[in-house]
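Engineer: Only the shape, not the letters, is given here:
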């Protein structure tokens, strides 16, 4: 049976046999999404996550259920076929933060305030049993910048520098593992958040793409939305939102500033490597266009005194993303099956 036939069968089994299916979106993974429209005008979203391509819908179901019970606006699950990788979920609309702000910039402050409040609300909830986003995990992920960005830019990887970085970053990150751990969604940004103004309080923010959630430091998702790889967030807005976050937490401001810089460096180095990989391995050239913004985030975080040793290694090894290097990455699109 073809994938399309399996989808039709699943939708019919779920009671939506009269529905019209139209493409909605895809993302950086192998998942894709369709909007399912009934004749009476009601809609849902079909998630197609093929297990044959390494996808698994069960984490999405687990986290969506947890977030909903916690009083947040994650999509409700209408039907599921975990063996085949299908979910029929609540349609939260198309009003992504990035689109809403582009249409009406005056809403930017209110939307970011709501996003911060969601995190503060979530962090009051005892998290479910999840894998830890700890030093032993984060250091190798940050080193993706060596494996893919440095490789694509120069044609080789400085193994000694990568090893020195990995060891130093592991030691730098380890104290964060001893701090209180919360559920981190890991892709909490303006193209994964939906504005639902008809709802109240923290439920005004619709949540998406949280299936890779782990246990981590409370500052991680705040870094994710304020150091966005896809849109500019002003330094002033970033400062205001950190202040708002701290006002609702028990974090020591000075210690949090250090943790925030470490988390920001780790996240953006990982993204630097992932975006290069998406081009070199997966043929998704447009991610190269986002690399200069990610690079700026890295440089901002490296200015914190706690990262001075890391900064030396990186600044001596990773070349800035000049137009020549970006063109070189693009020219190698889909030429590296894996490394």
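Structural biologist: Cool, got the structure. For clarity, every value in this text was computed on a predicted model and none was experimentally measured.
Engineer: make it CA atoms for all contacts and neighbour counts henceforth
Structural biologist: Noted.
Engineer: hang on, residue 79 is in a helix, isn't it?
Structural biologist: No. The secondary structure assignment for residue 79 gives strand rather than a helix, going by DSSP: H, G, I helix; E, B strand; the rest coil.
Engineer: Can you measure across stretch 285-298, start residue to end residue?
Structural biologist: The first residue of stretch 285-298 is 21 Å away from its last residue (C-alpha to C-alpha, to the nearest Å).
Engineer: Just the buried residues of it, please?
Structural biologist: Of the residues in stretch 285-298, those buried under the neighbour-count criterion (16 or more other C-alpha atoms under 10 Å) are 285, 287, 288, 290, 291, 292, 293, 294, 295, 296, 297, 298.
Engineer: any chance of the residues you listed in TSV, plus distance to residue 179, pLDDT and secondary structure?
Structural biologist: Putting these into TSV (distance: C-alpha to C-alpha, whole Å; pLDDT from 0 to 100; DSSP: H, G, I helix; E, B strand; the rest coil) gives the following:
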residue	distance to residue 179	pLDDT	secondary structure
285	38	97	helix
287	33	97	helix
288	35	98	helix
290	32	98	helix
291	31	98	helix
292	32	98	helix
293	29	98	helix
294	26	98	helix
295	27	98	helix
296	27	98	helix
297	24	98	helix
298	23	98	helix
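Engineer: could you redo those residues as a markdown table and give each row distance to residue 223?
Structural biologist: Rendered in a markdown table, the data for the buried residues of stretch 285-298 read as follows (distance: C-alpha to C-alpha, whole Å):
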| residue | distance to residue 223 |
| --- | --- |
| 285 | 25 |
| 287 | 20 |
| 288 | 21 |
| 290 | 17 |
| 291 | 17 |
| 292 | 17 |
| 293 | 14 |
| 294 | 12 |
| 295 | 14 |
| 296 | 14 |
| 297 | 10 |
| 298 | 12 |
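Engineer: on contacts alone, who are the packing partners of the helix or strand where residue 102 lies?
Structural biologist: Assigned by DSSP states H and E, residue 102 belongs to helix 97-103. Secondary-structure packing of helix 97-103 (3 or more C-alpha pairs under 8 Å, 6 or more residues apart in numbering; DSSP states H and E): strand 193-195.
Engineer: So what's the gap between the strand it packs on and the chain middle?
Structural biologist: Taking C-alpha atoms, centre = their mean, to the nearest Å, one finds strand 193-195 lying 14 Å from the centre of the chain it belongs to.
Engineer: What helices and strands are in contact with that strand?
Structural biologist: For strand 193-195, the helices and strands in contact under the criterion 3+ C-alpha pairs under 8 Å, 6+ apart are helix 97-103, strand 205-207.
Engineer: after the longest one, next one along is what?
Structural biologist: On the C-terminal side of helix 97-103, the closest following helix or strand by DSSP H and E is helix 108-122.
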